[in-house]
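Novice: Need a 3D model of the following:
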Amino acid sequence: MFHQILAAFFYLFGILYDSICQSCKPHQLNPLGVKGKEFPGPYLGQWYFIAGAASTQEELAIFVPMDNILFDMAASHVPQKLQLRATIRMKNGHCVPREWTYHLTEGSTDLKTEGRPDMKTELFSSSCPDGIMLRETGQGYQRFLLYNRSPQPPEECVNEFQSLTFSLNSKAFLQTPREIEACELFSD
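Specialist: Numbering: from 1, shown residues only. Down below sits the predicted model:
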């Protein structure tokens, strides 16, 4: 009898927990886009990297020497591809240009990075104005990344991102300082 009562209690607790935590989880973006614009249209243009979260500091170590990163996402002349250019301002003041090509997944907002078959990037909505969240997964790592159209989004956006990712078992957190002016994006 005691075991049946205990089982019923845990069952009800699980239902209650799932209903509360459904609102805690980020919502994956719809491939049909935002405000009638088809993906990737609303997400093209310039983005600033704001913060990252992962289960360990090692998964964020690549960002430690960086002050800020400015990205430009552009449609490629090849269908189903996106070009991502970035300028990374290191804490020592140097600018480092980078480029990636993303392959779009039909009917999805999942992105595959060219030359990195193990890596998957998923896009999620953010309640932060002009914000977006990404989840990158690869061999042995998963990290969440917060981007915004502004280099200085409201502090509550960063706090919300940190709380959300903490609830998703990301105990390590890193916020870029963004103390030095962003580098200009290089041209092709």
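Novice: Need the mean per-residue confidence for stretch 161-176.
Specialist: The average pLDDT within stretch 161-176 is 94.
Novice: Can you give the distance of that stretch from its chain's centre?
Specialist: Offset of stretch 161-176 from its chain centre (Cα atoms, centre = their mean, to the nearest Å): 11 Å.
Novice: That stretch: end-to-end distance?
Specialist: 14 Å (Cα to Cα, to the nearest Å).
Novice: repeat for stretch 150-157
Specialist: 12 Å.
Novice: and that stretch, how far from the chain's centre?
Specialist: 15 Å.
Novice: Make 40 the starting number, not 1.
Specialist: Let's use 40 as the start, then, which means that last one is stretch 189-196.
Novice: And it, what's buried?
Specialist: Pro190, Pro192, Cys196 (16 or more other Cβ atoms under 10 Å). Every residue, glycine included, has its C-beta placed from N, CA and C.
Novice: Do a quick rundown of the helices in this protein.
Specialist: 41-61, 194-206 (DSSP state H).
Novice: Next up, the contacts around the residue nearest to Leu99 when sequence neighbours are not counted.
Specialist: Excluding its sequence neighbours, the residue lying closest to Leu99 (Cβ to Cβ, 6 or more residues apart in numbering) is Leu213, at 4.5 Å. Contact analysis of Leu213 by Cβ atoms under 8 Å, 6 or more residues apart in numbering lists Ala90, Gly91, Ala92, Gln96, Leu99, Phe102, Val103.
Novice: let's see it at 6 Å
Specialist: Each residue near Leu213 by Cβ atoms under 6 Å, 6 or more residues apart in numbering is listed here: Gly91, Leu99, Phe102.
Novice: any idea how far the most centrally placed residue in the chain is from Ser189?
Specialist: Nearest residue to the geometric centre of the chain (Cα atoms, centre = their mean): Leu173, 2.0 Å. Going from Leu173 to Ser189 by Cβ to Cβ, to the nearest Å gives 17 Å.
Novice: Going by neighbour count, which of the contacts of Leu213 comes out on top?
Specialist: For the contacts of Leu213, the largest number of neighbours (other Cβ atoms under 10 Å) sits with Gly91, at 23 neighbours.
Novice: hey, what's that residue bridged with?
Specialist: Following DSSP bridges, Gly91 is listed with bridge partners Leu184, Leu213.
Novice: surely it meets Tyr186?
Specialist: No: in this structure Gly91 lies outside contact range of Tyr186 using Cβ atoms under 6 Å: 10.2 Å.
Novice: need the contact list for the nearest residue to Phe200 once chain neighbours are set aside.
Specialist: Distance criterion Cβ to Cβ, 6+ apart; nearest residue to Phe200, sequence neighbours excluded, is Leu185 at 4.5 Å. Neighbour list for Leu185: Ile89, Ala90, Met172, Phe200 [criterion: Cβ under 6 Å, 6+ apart].
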